[in-house]
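Colleague: Everything below, folded, please.
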Amino acid sequence: MKNTRISDLLKSTAPGSDVTVKGWVRTKRGNKNVAFIALNDGSCLANIQIVVDLASFDEALLKQITTGACLRVDGKLVASQGAGQSVEVQAASIEIYGTADPETYPLQKKGHSLEFLREIAYLRPRTNTFGAVLRIRHAMAFAIHEYFHNHGFYYFHTPIITASDCEGAGAMFTVTTMDLNDVPRNEQGAVDYTKDFFGKQCSLTVSGQLEGELGALSLGRIYTFGPTFRAENSNTVRHASEFWMIEPEAAFYELEDNMELAEDFIKYLVRYALDNCREDLEFMNKMWDPELIDRLNFVVNNDFKRLDYTEGIEILKASGRKFEFPCEWGDDLQSEHERYLVEEHFKRPVILINYPKGIKAFYMKQNDDGRTVRAMDVLFPKIGEIIGGSERENDYGKLRARVEELGMSEKDVWWYLDTRRWGSAPHSGFGLGFDRLLMFVTGLGNIRDVQPFPRTPKNAEF
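Modeller: Have a look, this model is predicted:
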């Protein structure tokens, strides 16, 4: 008999049929005549109730049915007599696929802290919270591809192993096949990367943007969606060493086009979550963040304010607020500054533009004032920056001069500079951290709790 997912059974309007259901036991309760088993298969937040007539089953088998055990149940779908569900399954036969020793199984029926669950990340998807988070994560990934497909963008695969540092930060993981106990060195005593697998120093990518621009300057509109890596020794709730990024790049998009794309895209994703993940969002709203759904609606229902960086600094300085980090023109804004602008001053999401060039990356288009670049950051309630992007510098001379000004090695980005020599065009793009999006959509405050298996300093378990 075909296995039916619990999410489909709970929607059934035709009780009386024979069904097969498989899943993991959440709870078992009952009396001397009947047992009630709550079974969950991960397809939805809700469990289905299995009703077991004790007289019809072997006592030894029933003793093995404990929290965490995996079962196959064959029976009849009937209208439920109790509150909380419309249908239940009257068990005719039960097969135990795997037992779970109640003395050692870590996920007993009680509340567990998020910190404890990180220690057993290989089991935490079986909890209500992480089942909800991972279903929302899937829905957001699907919505990202759907949005860009429907808007004429091509999915473009950029390399994970790279010889270029997109952000110029230097915090990259080296990729090597050299024997670390016997590293070859050149005459100057430096590591001789010509002896390495690729013949040069290579690393895990921090961003697919530079290669993505190459795609945009031929296909017109592309987006990347893949893993990126930062070797920063940062232990904040917002940073991970491995995370996923979405990076659209579009030819003939100037800054205004880029802002419109970012606003439309992020609203689409939030609206998709509200429309398609309602049960899971309501659970997260109830258990973890009572303002979650209101905040999601806040983003969808408000136009984003366009704000010049210089004006933003003036607003912050005139606010009278004593911030932990004072801000002056030329400083990068902290989360507290971004949240003040969004939550208190404008009371809507903000797109901050025209940043000082000294705090932004080399590839951003310089404004005529010589002091600022055509950068943009999208600022959200609770988390601050969620999207960062810019119009890219398309003038060969200006881009090359900026590379020299920052002391970058031209031989590492010669191919990128060449795109400005042959058929250069205005183009723009941005990056959205997938995991930070998930933090916003789920209401969880730590990036470690929206990734299945987080990678952070001193932690590469599972």
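Colleague: Pull the number of nearby residues for Ser86.
Modeller: The tally of other residues near Ser86 (other Cβ atoms under 10 Å) stands at 12. For glycine as for every other residue, the C-beta is placed from the backbone atoms N, C-alpha and C.
Colleague: Not including adjacent chain positions, what is the nearest residue to it?
Modeller: Closest residue to Ser86 apart from its sequence neighbours, by Cβ to Cβ, 6 or more residues apart in numbering: Ser80 at 5.9 Å.
Colleague: Contact partners for Arg135?
Modeller: Arg135 is in contact with Cys44, Cys277, Asp280, counting by Cβ atoms under 8 Å, 6 or more residues apart in numbering.
Colleague: Just confirm Tyr97 contacts Cys70, I think it does.
Modeller: Yes. Tyr97 is within contact range of Cys70, at 4.2 Å (criterion: Cβ atoms under 8 Å).
Colleague: Which residues outside stretch 334-341 are in contact with it?
Modeller: 307, 312, 315-316, 319, 321, 323-325, 327, 350, 352, 377, 379, 381-385.
Colleague: that older thread, with distance to Lys398, pLDDT and neighbour count as extra columns, can I get the contacts of Arg135 in TSV?
Modeller: Listed next are the contacts of Arg135 as TSV, based on distance: Cβ to Cβ, whole Å; pLDDT from 0 to 100; neighbours: other Cβ atoms under 10 Å:
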residue	distance to Lys398	pLDDT	neighbour count
Cys44	54	96	20
Cys277	45	98	23
Asp280	48	98	23
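Colleague: wait, which of those residues is closest to Ser409?
Modeller: Nearest to Ser409 among the contacts of Arg135 is Cys277, at 45.5 Å by Cβ to Cβ.
Colleague: isn't that closest one right next to Ala139, touching?
Modeller: Yes. Cys277 is in contact with Ala139 according to Cβ under 8 Å; the separation is 5.2 Å.
Colleague: Sketch out the strands for the stretch 201-350 of the chain, chain order is fine.
Modeller: 202-204, 221-229, 242-251, 305-308, 350-356 (DSSP state E, counting those that start in this stretch).
Colleague: Could you dump the ones you listed into JSON lines with distance to Gln90 added?
Modeller: Below are the strands of the stretch 201-350 of the chain laid out as JSON lines (distance: least, Cβ to Cβ, whole Å):
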{"stretch": "strand 202-204", "distance to Gln90": "54"}
{"stretch": "strand 221-229", "distance to Gln90": "45"}
{"stretch": "strand 242-251", "distance to Gln90": "44"}
{"stretch": "strand 305-308", "distance to Gln90": "58"}
{"stretch": "strand 350-356", "distance to Gln90": "56"}
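Colleague: for those, which one sits closest to Gly131?
Modeller: Judging the strands of the stretch 201-350 of the chain by Cβ to Cβ, what sits closest to Gly131 is strand 242-251, at 19.8 Å.
Colleague: what's that closest one packed up against?
Modeller: helix 209-219, strand 221-229, helix 255-276, strand 427-433, helix 434-442 (3 or more Cβ pairs under 8 Å, 6 or more residues apart in numbering; DSSP states H and E).
Colleague: Next, format these as JSON lines and append mean neighbour count, distance to Gln366 and mean pLDDT.
Modeller: JSON lines is the format used below for the helices and strands packed on strand 242-251 (neighbours: other Cβ atoms under 10 Å; distance: least, Cβ to Cβ, whole Å; pLDDT from 0 to 100):
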{"stretch": "helix 209-219", "mean neighbour count": "21", "distance to Gln366": "17", "mean pLDDT": "95"}
{"stretch": "strand 221-229", "mean neighbour count": "21", "distance to Gln366": "24", "mean pLDDT": "97"}
{"stretch": "helix 255-276", "mean neighbour count": "19", "distance to Gln366": "12", "mean pLDDT": "98"}
{"stretch": "strand 427-433", "mean neighbour count": "24", "distance to Gln366": "14", "mean pLDDT": "97"}
{"stretch": "helix 434-442", "mean neighbour count": "23", "distance to Gln366": "28", "mean pLDDT": "97"}
